[in-house]
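Visitor: quick one, structure for this:
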Amino acid sequence: MILILSSFVASSPVGGGAQAVALARLEVETVLAPTVLLGRHPGLGPPGGGAVAPAMFESLLAGIEANGVFARAEAVVCGYFADPAQVAAAARTIDAVRAARPSAMIVIDPIMGDSVGGLYVKPEVARALAAELIPRADLIAPNAWELGRLTGTVVASPAEALAAARELGKPALVSSIPAGRAIGVMWTDGREAWLAAHTRSAIDPKGAGDLLTALFAAALLGGATPADALETAVGDVAATVLGGDVEISLEALT
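Guide: Now for the predicted structure:
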């Protein structure tokens, strides 16, 4: 079972809601504690709905804990947060899950922005993610821009992504890495590193990073090696975005 702390967007396939749907298809049980409740993706216009108040978010988490979920969670996946107080509540949740189930995998997707629009969360949320959640992560899943922000570097190639991830000192799944005419996703634990790349999409897909993180985490929990999990997750996401079978190139990085 995977506990997801992220957004719920009713009519757009993004965020924690989309992750829950994708994992259900793999027969992976999920519990979603939403940080925002929106009608559609904000990039499409006024989304409707709004952020879950921090007190409400903490109350949701208390109910989830009381139902025994923390002790059963094989993983916690953290995504979008609207308020630094939510981030603080997520940090306390991670600590409580680890106390109840020390083997639980903590996955942090530090959703902050991208290369097109820059930072799109409050600066204090970005600071809280870096200070409170990144140190607690077993795996971080930023896009290339977010990795660059976390490390104060420019990440515009696989080599730069690998150097930045090593500087951060955490196993990392880094998406949206320019790789010549292709786009790539890199996984590294600081020693071993793999890059999976495929043809670029003609559009800027929304929610691809959320789906990638969920599928990669589920594959690891299912016993796949990181290289196999990377190839499978990237292939599934690419097929969803581009349609049909997509050729994935997989190579080791040094």
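
Visitor: residue ranges for the helices of the stretch 151-254 of the chain, please.
Guide: 158-168, 208-221, 226-242 (DSSP state H, counting those that start in this stretch).

Visitor: could you dump those to TSV with mean pLDDT?
Guide: Below are the helices of the stretch 151-254 of the chain laid out as TSV (pLDDT from 0 to 100):
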stretch	mean pLDDT
helix 158-168	96
helix 208-221	96
helix 226-242	91
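
Visitor: between those helices, which one is nearest to residue 42?
Guide: helix 208-221 (14.3 Å; CB to CB). For glycine as for every other residue, the C-beta is placed from the backbone atoms N, C-alpha and C.

Visitor: mind listing residues that contact that closest one?
Guide: Contacts with helix 208-221, where a contact means CB atoms under 8 Å, 6 or more residues apart in numbering, come from 2, 4, 6, 13-16, 18-19, 22-23, 26, 28, 74-75, 77, 79, 105, 107, 109, 111, 139, 141, 143, 173, 175-176, 185, 187, 226, 228-230, 232-234, 236-237, 240-241.

Visitor: please name the residues that touch the residue nearest to residue 112 when sequence neighbours are not counted.
Guide: Once flanking residues are discounted, residue 112 sits nearest to residue 126: 4.7 Å by CB to CB, 6 or more residues apart in numbering. Neighbouring residues of residue 126 by CB under 8 Å, 6+ apart: 110, 112, 113, 119, 149.

Visitor: sorry, back to before: now, the contacts of helix 208-221 that are in strands?
Guide: Applying DSSP state E to the contacts of helix 208-221, the entries found in strands are 2, 4, 6, 75, 77, 105, 107, 139, 173, 175-176, 185, 187.

Visitor: by neighbours, which of those residues wins?
Guide: Most neighbours among these, by other CB atoms under 10 Å: residue 185, with 31 neighbours.

Visitor: wait, it touches residue 230, no?
Guide: Yes. Using CB atoms under 8 Å, residue 185 is in contact with residue 230, at 6.6 Å.

Visitor: intersection of neighbour lists for these two?
Guide: What both residue 185 and residue 230 touch, as defined by CB under 8 Å, 6+ apart, is the set 173, 196.

Visitor: relative to residue 88, which of the ones in strands among the contacts of helix 208-221 is nearest.
Guide: residue 6 (15.8 Å).

Visitor: partner residues bridging that closest one?
Guide: Beta-bridge pairing for residue 6 (DSSP bridges): residue 34.

Visitor: any idea how far residue 161 is from it?
Guide: Separation of residue 6 from residue 161 (CB to CB, to the nearest Å) stands at 23 Å.

Visitor: check which helix or strand covers residue 63.
Guide: Per DSSP states H and E: residue 63 is located in helix 54-66.

Visitor: tell me which residue of the protein is furthest from the middle?
Guide: No residue in the chain has its C-alpha farther from the mean C-alpha position than residue 66, which lies at 25.7 Å (CA atoms, centre = their mean).

Visitor: so how far is residue 212 from the residue most central in space within the chain?
Guide: What sits nearest the mean C-alpha location of the chain, by CA atoms, centre = their mean, is residue 109, with 3.2 Å. Counting by CB to CB, the gap from residue 109 to residue 212 is 9 Å.

Visitor: residue contacts, the residue nearest to the centre of the chain?
Guide: Each residue near residue 109 by CB under 8 Å, 6+ apart is listed here: 6, 77, 78, 79, 140, 141, 142, 209, 210, 213.

Visitor: how does it look with 10 Å?
Guide: 6, 19, 77-80, 129, 133, 137, 139-143, 146, 173, 175, 209-210, 212-214, 217 (CB atoms under 10 Å, 6 or more residues apart in numbering).

Visitor: go on, residue 238?
Guide: Applying CB under 10 Å, 6+ apart to residue 238 gives the contacts 183, 185, 196-199, 201, 205, 208, 212, 244-248.

Visitor: one more pass at 8 Å, please.
Guide: So residue 238 contacts 198, 199, 246, 248 (CB under 8 Å, 6+ apart).
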